[in-house]
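Asks: quick check, what structure comes out for this input:
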Amino acid sequence: MEKDYCKLRVGPYFMHFTGYQPERDATKEFCEDIPAVGATIIVLDFVDQVLKDLPVEVRIIRDGVNEADLDRVTLYRLPPKLHPTGSLSLDFVFDEPGNYVGLVFAGSGDQQVSARFPFSVGTTRYLRLPLAMGLLVVGLGGAYGVWRWRRAAGA
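Replies: Coordinates of the predicted model:
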């Protein structure tokens, strides 16, 4: 469990997250960012079996929306219910690339616990890395140029 990058902590409990995009490659799994827009199946398997006895609800919202009216901003909702098999799946079609948030609620009332997991669809956070590296190189190059210029002016 320590090295499981596909785990999701819901309060004191854990779930295992797996996603599929059957239109692209039905055999390829993912557990972080969703590779492309389109039909997506997300499966949550309960690691802690106590979750089988708790109502579990799942929502998908856009990242950055005002969550004060959660019903208004919810793109997908799996209503709270028991999942005695210890697993649940949801089918959703992502129409637009962008940043999303998955919300999982387990239990009810004062005993409810939740998880929030951000993810992207059709883009990856890793594509931002070359831009950041490029800016770092330009910044370091500029600093080196200023240092050389000051050194030459002082000599």
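Asks: show me the domain layout of the protein.
Replies: Per the record, the chain has its domains at 7-123, 125-155, by automatic domain parsing.
Asks: average pLDDT for the last one?
Replies: What that stands for is domain 125-155. For domain 125-155, mean pLDDT rounds to 61.
Asks: secondary structure element holding the residue most central in space within the chain?
Replies: Centroid-nearest residue in the chain, with CA atoms, centre = their mean: Phe119, separated by 2.6 Å. Using DSSP states H and E, Phe119 maps to strand 113-121.
Asks: just checking, what packs against that strand?
Replies: If you count contacts as 3 or more CB pairs under 8 Å, 6 or more residues apart in numbering; DSSP states H and E, strand 113-121 packs onto strand 7-10, strand 13-21, strand 98-106. Any C-beta I mention is one placed from the backbone N, CA and C, and that applies to glycine too.
Asks: export these as JSON lines, with columns for mean pLDDT.
Replies: Output for the helices and strands packed on strand 113-121, formatted as JSON lines (pLDDT from 0 to 100):
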{"stretch": "strand 7-10", "mean pLDDT": "92"}
{"stretch": "strand 13-21", "mean pLDDT": "93"}
{"stretch": "strand 98-106", "mean pLDDT": "95"}
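Asks: could you redo the ones you listed as JSON lines and give each row mean neighbour count and distance to Ile61?
Replies: JSON lines is the format used below for those (neighbours: other CB atoms under 10 Å; distance: least, CB to CB, whole Å):
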{"stretch": "strand 7-10", "mean neighbour count": "18", "distance to Ile61": "16"}
{"stretch": "strand 13-21", "mean neighbour count": "19", "distance to Ile61": "17"}
{"stretch": "strand 98-106", "mean neighbour count": "19", "distance to Ile61": "5"}
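Asks: so which of these is nearest Leu54?
Replies: Leu54 lies closest, by CB to CB, to one member of the helices and strands packed on strand 113-121: strand 98-106, at 4.7 Å.
Asks: now the closest one and strand 113-121, what's the angle there?
Replies: Orientation check (axes from the mean of the first three to the mean of the last three CA atoms, to 10 degrees): strand 98-106 against strand 113-121 gives 160 degrees.
Asks: and strand 98-106, what does it pack against?
Replies: Counting contacts by 3+ CB pairs under 8 Å, 6+ apart, strand 98-106 is packed against strand 7-10, strand 56-62, strand 113-121.
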